[in-house]
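[1] Quick one: sequence plus predicted model below, questions after.
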Number of protein chains: 2
Amino acid sequence: MYDFDFHNPTKIIFGLDAEKSIGSVVEQAGHRKVLLVYGSQSVQKSGLLDRVKKKLDRKNISYVDFGGVVSNPVLSHTRKGVELAKAEKVDAILAVGGGSVLDEGKAIAVGALADEDVWQFFIGQEVKAALPIYTVLTLAATGSEMNGNSVVTNEETKQKYNIASPLVYPKVSILNPELTCTVPADYSAYGAVDAIAHVIEAYFTKSPGTRLADRLVETIIKTVISSQNIISKEPGNYDARAEFMWTATLALNGLTPCGVGECSFPNHMIEHSLSAIYNIAHGAGLAIVMPAWMRWYSKHNTEQFERFADKVFGVKGAEAGINALEVWFKEIGAPTRLQDAGISADDIDMIAENGTGLAKLWGIDAIYTKEVIAEILRLAV
Amino acid sequence: MYDFDFHNPTKIIFGLDAEKSIGSVVEQAGHRKVLLVYGSQSVQKSGLLDRVKKKLDRKNISYVDFGGVVSNPVLSHTRKGVELAKAEKVDAILAVGGGSVLDEGKAIAVGALADEDVWQFFIGQEVKAALPIYTVLTLAATGSEMNGNSVVTNEETKQKYNIASPLVYPKVSILNPELTCTVPADYSAYGAVDAIAHVIEAYFTKSPGTRLADRLVETIIKTVISSQNIISKEPGNYDARAEFMWTATLALNGLTPCGVGECSFPNHMIEHSLSAIYNIAHGAGLAIVMPAWMRWYSKHNTEQFERFADKVFGVKGAEAGINALEVWFKEIGAPTRLQDAGISADDIDMIAENGTGLAKLWGIDAIYTKEVIAEILRLAV
């Protein structure tokens, strides 16, 4: 077992109508004016945004509206948020939405206290300060509600990069599973793929021999599958949505990689190119990349792939486990080949070229050269 | 899934020689004078205490020695620590030792900022303030390094009661598995029993249907068993000690009961009477109580006991699972009957009478009457 630090200070308030407490939460923390970050129609249509505003009103907390965050949030919009946060001198960020809204909210929190352009923090500059962040989550997938990550796309350069800093852990995240009961079938499926992707990267790329980490990952994958199987048939099943929501949070809150030593995130690295270029959903891209990467990588760590096959799907052999995962992705309605997402095999070289940027930034470019990325992508044709 | 709040702000620094950082940790938090709480010989013999002091010296942090904490820490000694902390005006507690040392350190942290006698907080008074707590752990078992609990025995009244407060979560806990490599075989076994007991209580007494919680508990129990089986044969095996140490922390850091709703701690309730009266090790008492309680309780929740048998031991039927656990307790050298700990069956009524006090305090006295506690204890003869 390798050395590690673990520190996750985010408070989770989980349950039916949990967003009712948002006014008290922000008030007790001593904030008087927040930037209210959200997407577009769904939080307005559902009435959630109004409910949140009423709770803030009741505690005399003022707010500045900043809607319009898109899926795969973009740098240009993030910069507008930073300007607004500075101009309005807000003292906290309140993000209401899914992972994209939370991620952009975190980036704004960093940019609002910096003199530099916010993109600098995505290309290597260390975060020194950030406004306190509060979230009300409406889509379970990214784990952003309980971690220090923020992913934003620079539309000009087609770079989908991330900030990783302890300063952007939300202070409090509110998770009401009922808010996710209306998430459409495709986005539910993408969320399931995303949560599995979050734990699978370290599971396969770490050194062998950490049984606890293996078992925790298998627990998370099995629970994602069992709850998503219920959600596919009964989208409004509260208990399944709840179990899925909390499982997705634990999938990327720092717990599963404790003690596993060095590991890498090649599936995320390759997928970021797909969603940066084609603006497809992150989970959809991962469902395409993962089986291909697993087939390419399984020769490096066959025993762990055999374990995965056995423990998660009860089948024998590395290839059988990968096949079972791919079949399950198809069953829940996720694409598993480039063409399923309308991406031509002719683009593979161009995608691979894009991928080398992140490979360099994450220090895995010695293994993941342009040729290797292309080789993996050809397995997804 | 039931509503819950989760907030565990303790930072864990885990690894070989991790205690080297203690000076910087205390300095960076801005403390200048700490009460150094420890037990007796082992931390002095091993040289750990001196190493910790040197690290404090190097950062010009002064410390007041307060040794002599005993296993099953007692109120009279805790009160002395409170007096000393007040007289010396320390601004933090640094506990170096096992769960007993940490628990007494937490109680001192509470008493030092209170006008009332510290025992008041064990019999129901709410904790309003506590000195910041830092720990260097030398024995994996109680989970005190990452939770808000403190258990102390009032020797006069034979009451082994607890404080539960978010204010006594350690700020930072340092876990170096190597420090546990010299823990004797019996105390290693008691630690394993304790960790299993921590997760088993909610697992069996909660409502059915939370798959994630079930799987997390099974993961923890299986890892306790697999690592303890290695430790039994190779006490100095770093990886097994490391995996055991982190698993024991996760067993009582608030993670496993998330969303399971109401649950109770009857095994701990009954055991507290055993160690309060006979001063036996907590884990030893639990190994005696658990199989008896499981046999008594299994009729209430047979399906979950069948699941336990299947998932943890791969055997069929509730009774077979309980037997397998009891056999394993014996294998690792833990007592499983009252007589194994030198306790006479004639004392059962007296023990049961003692148990009713905690049953009342924990609000489970409607089920756990004196007669029921005695009935359970008779299954441990």
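    Arrived safely.

[2] what's the offset of the strand or helix carrying residue A:195 from the middle of its chain?
    Taking DSSP states H and E as the criterion, residue A:195 maps to helix A:185-205. Distance of helix A:185-205 from the chain centroid (C-alpha atoms, centre = their mean, to the nearest Å) equals 9 Å.

[3] likewise stretch A:1-14?
    Relative to its chain's centre, stretch A:1-14 lies at 17 Å (C-alpha atoms, centre = their mean).

[4] what comes up buried for it?
    Neighbour-count burial for stretch A:1-14 flags A:1-4, A:6, A:8, A:10-14 (criterion: 16 or more other C-beta atoms under 10 Å in any protein chain shown). Backbone N, C-alpha and C define where each C-beta goes, glycine included.

[5] One more: stretch A:166-184?
    Buried, per 16+ other C-beta under 10 Å, within stretch A:166-184: A:167-181, A:183.

[6] what's the span of stretch A:249-265, first residue to last?
    End-to-end distance of stretch A:249-265 (C-alpha to C-alpha, to the nearest Å): 18 Å.

[7] For the spatially most central residue of chain A, give me its contacts.
    With distances taken as C-alpha atoms, centre = their mean, residue A:142 lies nearest the centre of chain A, 2.3 Å away. Counting by C-beta atoms under 8 Å, 6 or more residues apart in numbering or on different chains, residue A:142 touches A:98-100, A:102-103, A:151, A:194, A:248, A:252, A:282.

[8] Tell me which two in the buried residues of stretch A:166-184 are the farthest apart.
    A:167 and A:181 (32.7 Å; C-beta to C-beta).

[9] Provide a list of residues in contact with residue A:200.
    Counting by C-beta under 8 Å, 6+ apart, residue A:200 makes contact with A:217, A:221, A:267, A:290.

[10] Which ones among the buried residues of stretch A:166-184 also lie next to chain B?
    Among the buried residues of stretch A:166-184, proximity to chain B is found for residue A:177 (C-beta under 8 Å from any C-beta of the partner chain).

[11] Mind picking the one among the buried residues of stretch A:166-184 that's closest to residue A:25?
    Comparing the buried residues of stretch A:166-184 against residue A:25 with C-beta to C-beta places residue A:172 closest, at 5.1 Å.

[12] hang on, isn't that closest one packed against residue A:9?
    No. Checked against C-beta atoms under 8 Å, the pair residue A:172 and residue A:9 is beyond contact range at 10.1 Å.

[13] overlap in contacts of those two?
    Between them, residue A:172 and residue A:9 share no contacting residue, judged by C-beta under 8 Å, 6+ apart.

[14] quick revisit: which ones among the contacts of residue A:200 lie within helices?
    Here DSSP state H is the test, and the contacts of residue A:200 give A:217, A:221, A:267, A:290 as lying in helices.

[15] Give me the local confidence score for residue A:105.
    Per-residue confidence (pLDDT) for residue A:105: 98.

[16] Which of the three states applies to the closest residue to it other than its chain neighbours?
    Distance criterion C-beta to C-beta, 6 or more residues apart in numbering or on different chains; nearest residue to residue A:105, sequence neighbours excluded, is residue A:95 at 3.2 Å. Classification of residue A:95 using DSSP: H, G, I helix; E, B strand; the rest coil returns strand.

[17] mind checking how far residue A:95 is from chain B?
    Distance of residue A:95 to chain B, given as C-beta to the nearest C-beta, to the nearest Å: 19 Å.

[18] Residue A:190 now?
    On the measure of C-beta to the nearest C-beta, residue A:190 and chain B end up 20 Å apart.

[19] Surely that residue touches residue A:141?
    Yes. Between residue A:190 and residue A:141 there is a contact at 6.7 Å, judged by C-beta under 8 Å.

[20] Quickly list what's touching both of those two.
    Contact criterion C-beta under 8 Å, 6+ apart; residues bridging residue A:190 and residue A:141 by contacting each: A:282-283.

[21] The two: which is more packed in?
    Shown here are residue A:190 and residue A:141; by other C-beta atoms under 10 Å in any protein chain shown, residue A:141 has more neighbours (30 against 27).

[22] Spell out which parts of the stretch 251-381 of chain A neighbour chain B.
    Close to chain B, as judged by C-beta under 8 Å from any C-beta, the stretch 251-381 of chain A has residues A:255, A:258-259.

[23] Show me what the lowest-mean-pLDDT helix or strand in chain A is packed up against.
    When each helix and strand of chain A is scored by mean pLDDT, DSSP states H and E, helix A:41-45 comes last, with a mean of 89. Helices and strands touching helix A:41-45, as assessed by 3 or more C-beta pairs under 8 Å, 6 or more residues apart in numbering or on different chains; DSSP states H and E, are absent.

[24] contacts for the helix or strand following that helix?
    As assigned by DSSP H and E, the chain's next helix or strand after helix A:41-45 is helix A:48-58. With contact meaning C-beta under 8 Å, 6+ apart, helix A:48-58 is reached by A:19-23, A:26, A:34, A:36, A:38, A:43-44, A:62-63, A:94, A:96, A:136, A:138, A:179.

[25] Same check on stretch A:304-312?
    The contact list for stretch A:304-312, computed with C-beta under 8 Å, 6+ apart, reads A:203-204, A:208, A:214, A:218, A:221-222, A:225, A:294, A:298, A:315-318, A:320-322, A:324-325.

[26] one step back: who does the residue nearest to residue A:105 form a beta bridge with?
    Residue A:95 has the following beta-bridge partners by DSSP bridges: residue A:37, residue A:135.

[27] Who are the contact partners of it?
    Contacts for residue A:95 (C-beta under 8 Å, 6+ apart) come out as A:37-38, A:101-102, A:104-106, A:133-136.

[28] Give me the buried entries from these.
    Neighbour counting with 16+ other C-beta under 10 Å marks A:37-38, A:101-102, A:104-106, A:133-136 as buried within the contacts of residue A:95.

[29] Output those residues as a markdown table; include the columns distance to residue B:351.
    Shown next, in a markdown table, are the buried ones among the contacts of residue A:95 (distance: C-beta to C-beta, whole Å):
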| residue | distance to residue B:351 |
| --- | --- |
| A:37 | 58 |
| A:38 | 59 |
| A:101 | 57 |
| A:102 | 53 |
| A:104 | 60 |
| A:105 | 56 |
| A:106 | 55 |
| A:133 | 51 |
| A:134 | 49 |
| A:135 | 49 |
| A:136 | 50 |
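
[30] and the gap between the residue in the stretch 51-200 of chain A positioned nearest to chain B and residue B:23?
    Per C-beta to the nearest C-beta, residue A:177 is where the stretch 51-200 of chain A lies closest to chain B, at 7.3 Å. For residue A:177, the distance to residue B:23 equals 45 Å [C-beta to C-beta, to the nearest Å].

[31] Over to residue A:214?
    To residue B:23, residue A:214 is 35 Å away according to C-beta to C-beta.

[32] re the thing from before, now do the buried residues in the helix holding residue A:195.
    A:187-205.

[33] I am finished for the moment; much appreciated.
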